[in-house]
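Peer 1: Sequence and predicted structure below; questions after.
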Amino acid sequence: MNQRNTFISGMVAIIFLIISCSKFEPEAPDDDSILDGPVNGLTYEQNRQFLAGDIAFNNEIFTPATGLGPIFVATSCGSCHAGDGKGTPFTTLVRFGQTDSTGNKFLHLGGPQLQNRAIPGFQTEVIPNGATSSKFTPPANTGLGFLELVSDEDILSMSDPEDSNGDGISGVPSFGYLPEFITPNSNAVVKNGKYIHRFGKKAAAYNLLHQTVNAYNQDMGITSTFTPHDVYSGHTIDPEVSDKTVRDVVFYLQTLKAPIPRSKGNGNFETGKALFTQINCSGCHTPQLQTGYSSVSALSNKTIYPYTDMLLHDMGAELDDGYTEGFAKTSEWRTPPLWGLGLSPNSQGGQYFLMHDGRAKSIEEAIMMHGGEAKLSKDKFNLLNESEKSAIIHFLKSL
Ligand SMILES: [Ca+2]
Ligand SMILES: [Ca+2]
Ligand SMILES: [Ca+2]
């Protein structure tokens, strides 16, 4: 046999092996059951940047030698955002201090974020006497690039501060001041120098760069040219993460695919969907939004199904922790997207931990905790019969 024939028969053997092995191995998970992949349609270069961001996000574990701390909460993005899915009560962040829009009175004592770990030789922070606090579980990171591209105009159009349509739901955008390193979008809506913020449980972050830079600084004690202040001393120090890495991570977050709906078209799904609108869950969990123009064509001018309005809503006394950020009230929370909800247990140890601090152990429990502007909708849910309720739950699990 000449070399070429040897090569071909070798390849045939390998292909045969692959085919026969795949019969015995468990099937690879379907695309719609995993969260951490890129959107379809990225260019070669874009895929490379996604990959670089993926590695920085998941595999770059900081140590004292690479700048960790001196006080911190965790050592990598991925340790809290495992598989880009929701986190658990064991990966929470605690923030403390502020109860109203007059600002945080505990900044000199380390507010708002609690760094509960420290490298050797440093003291961890403790919540000062008299401060209020909230616990936050990590949200899923999927589809955020699409949410970033929804226009301010569209967000404003969903808000109804005076509840003029009388459905009990008001909903306001979270207006806040921009840090210096953020350049606002050209079509941004400005009110008294404040811009619409949309990321985070209290919608305290303007965009994914804002959230990422703060996470490096506050969650891991890593400085960058964007926030050069040491988390412990407040002194300006050399960057501990490069601008390129920050940009790669932001690009990774922007191009993580949106969860793919499962069992669409199935009877229960359609019934659940109709009921979801009928009892006005959709009054806040807006089913369909539109992205604006992006230089990344995979994200540009797309219709998306995130089930959020990105507005703040007063959710009532039960969800009021007495702590807030920016100009949100203590009882106000940003509507979380519901896409991918049914995949939450994959990254939550096989069970659900829902709502801002994971206090709800099932979807039903989460619904029962809705109050304030959502009370009417919850009351209507309670009036449904068992099969209607289970159709809604089925629908929610398939998003
Ligand atoms: Ca550091
Ligand atoms: Ca702190
Ligand atoms: Ca209304």
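Peer 2: Happy to help now that I have it. Ligands and ions are numbered 1, 2, ... in the order given.
Peer 1: can you tell me which residues contact the residue of the chain found nearest ligand 2?
Peer 2: Proximity of the chain to ligand 2 (Cβ to the ion) peaks at Gly110, 3.4 Å away. The way it works is simple: take the backbone N, C-alpha and C, and place the C-beta from them, glycine included. The contact partners of Gly110, taken as Cβ atoms under 8 Å, 6 or more residues apart in numbering, are Glu125, Pro128.
Peer 1: Please name the bridge partners of Leu312.
Peer 2: Val172, Arg334 (DSSP bridges).
Peer 1: Please list all residues in contact with it.
Peer 2: Gly171, Val172, Pro173, Ser174, Lys202, Ala203, Ala328, Lys329, Glu332, Trp333, Arg334 are the contacts of Leu312 under Cβ under 8 Å, 6+ apart.
Peer 1: would you say Lys135 is within a strand?
Peer 2: Yes - assessed by DSSP: H, G, I helix; E, B strand; the rest coil, Lys135 belongs to a strand.
Peer 1: thought it was touching Phe90?
Peer 2: No - contact criterion Cβ atoms under 8 Å: Lys135 and Phe90 do not qualify, at 11.2 Å.
Peer 1: Neighbour count: those two, which is higher?
Peer 2: Legend: neighbour count by other Cβ atoms under 10 Å for Lys135 and Phe90, higher for Lys135 (16 against 11).
Peer 1: export the contacts of Leu312 to JSON lines and tack on neighbour count and distance to Asp379?
Peer 2: Shown next, in JSON lines, are those (neighbours: other Cβ atoms under 10 Å; distance: Cβ to Cβ, whole Å):
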{"residue": "Gly171", "neighbour count": "23", "distance to Asp379": "18"}
{"residue": "Val172", "neighbour count": "19", "distance to Asp379": "23"}
{"residue": "Pro173", "neighbour count": "24", "distance to Asp379": "26"}
{"residue": "Ser174", "neighbour count": "26", "distance to Asp379": "27"}
{"residue": "Lys202", "neighbour count": "25", "distance to Asp379": "26"}
{"residue": "Ala203", "neighbour count": "27", "distance to Asp379": "26"}
{"residue": "Ala328", "neighbour count": "26", "distance to Asp379": "25"}
{"residue": "Lys329", "neighbour count": "18", "distance to Asp379": "22"}
{"residue": "Glu332", "neighbour count": "24", "distance to Asp379": "20"}
{"residue": "Trp333", "neighbour count": "26", "distance to Asp379": "19"}
{"residue": "Arg334", "neighbour count": "26", "distance to Asp379": "23"}
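Peer 1: any idea which of those residues is closest to Ile393?
Peer 2: Nearest to Ile393, judged by Cβ to Cβ, of the contacts of Leu312 is Trp333 at 21.3 Å.
Peer 1: Report how many residues lie close to Ile127.
Peer 2: 18.
Peer 1: Ok, Trp339 next?
Peer 2: Taking other Cβ under 10 Å as the definition, Trp339 ends up with a neighbour count of 25.
Peer 1: That one reaches Gln288, doesn't it?
Peer 2: No - in this structure, Trp339 is not within contact of Gln288 by Cβ under 8 Å, at 11.1 Å.
Peer 1: Find residues that contact each of these two.
Peer 2: Tyr305.
Peer 1: Looking at the stretch 101-250 of the chain, what residue ends up closest to ligand 1?
Peer 2: Gly221 (4.1 Å).
Peer 1: Residue numbers of the protein in contact with ligand 3?
Peer 2: Residues of the chain that fall close to ligand 3, judged by Cβ under 5 Å from the ion: Asp160, Asp163, Asn165, Asp167, Ile169.
Peer 1: burial measure for Lys361, as a count.
Peer 2: The burial count for Lys361: 13, using other Cβ under 10 Å.
Peer 1: pLDDT weak spots in the stretch 101-250 of the chain?
Peer 2: Scanning the stretch 101-250 of the chain for pLDDT under 70 picks out nothing.
Peer 1: let's go with 90 and repeat that
Peer 2: Applying pLDDT under 90 to the stretch 101-250 of the chain picks out residues 101-105, 107-108.
Peer 1: all helices for it, in order.
Peer 2: 144-148, 152-158, 208-214, 220, 243-255 (DSSP state H, counting those that start in this stretch).
Peer 1: which other helices and strands contact the second one?
Peer 2: Looking back up the chat, that one is helix 152-158. Applying 3 or more Cβ pairs under 8 Å, 6 or more residues apart in numbering; DSSP states H and E, one finds that helix 152-158 makes contact with strand 194-197.
Peer 1: distance between the strand it packs on and the chain's centre?
Peer 2: Between the centre of strand 194-197 and the centre of its chain there are 18 Å (Cα atoms, centre = their mean, to the nearest Å).
Peer 1: next one: stretch 320-333
Peer 2: Relative to where its chain is centred, stretch 320-333 has its mean C-alpha point 18 Å off (Cα atoms, centre = their mean).
Peer 1: What is the end-to-end distance of it?
Peer 2: 9 Å (Cα to Cα, to the nearest Å).
Peer 1: how about it: buried residues?
Peer 2: For stretch 320-333, the neighbour count (16 or more other Cβ atoms under 10 Å) marks 320-321, 323-333 as buried.
Peer 1: And for stretch 139-154?
Peer 2: 139-152.
Peer 1: again with stretch 247-266
Peer 2: 247-261.
Peer 1: out of the residues you listed, who's nearest Asp54?
Peer 2: Tyr252 (5.4 Å).
Peer 1: dump the residue contacts of the closest one.
Peer 2: With Cβ under 8 Å, 6+ apart, Tyr252 has these contacts: Gln49, Phe50, Ala52, Gly53, Asp54, Ala56, Phe57.
Peer 1: Run through who's touching the helix or strand where the third one lies.
Peer 2: This means Ala52. In the assignment (DSSP states H and E), Ala52 maps to helix 44-58. Helix 44-58 is contacted from outside by 36, 38, 42, 76-78, 81, 245, 248-253, 255, 296, 298, using Cβ under 8 Å, 6+ apart.
Peer 1: Also stretch 314-330?
Peer 2: 95-101, 112, 132-135, 170, 174-176, 194, 197, 200, 202-204, 312, 331-333, 355-357, 369-375.
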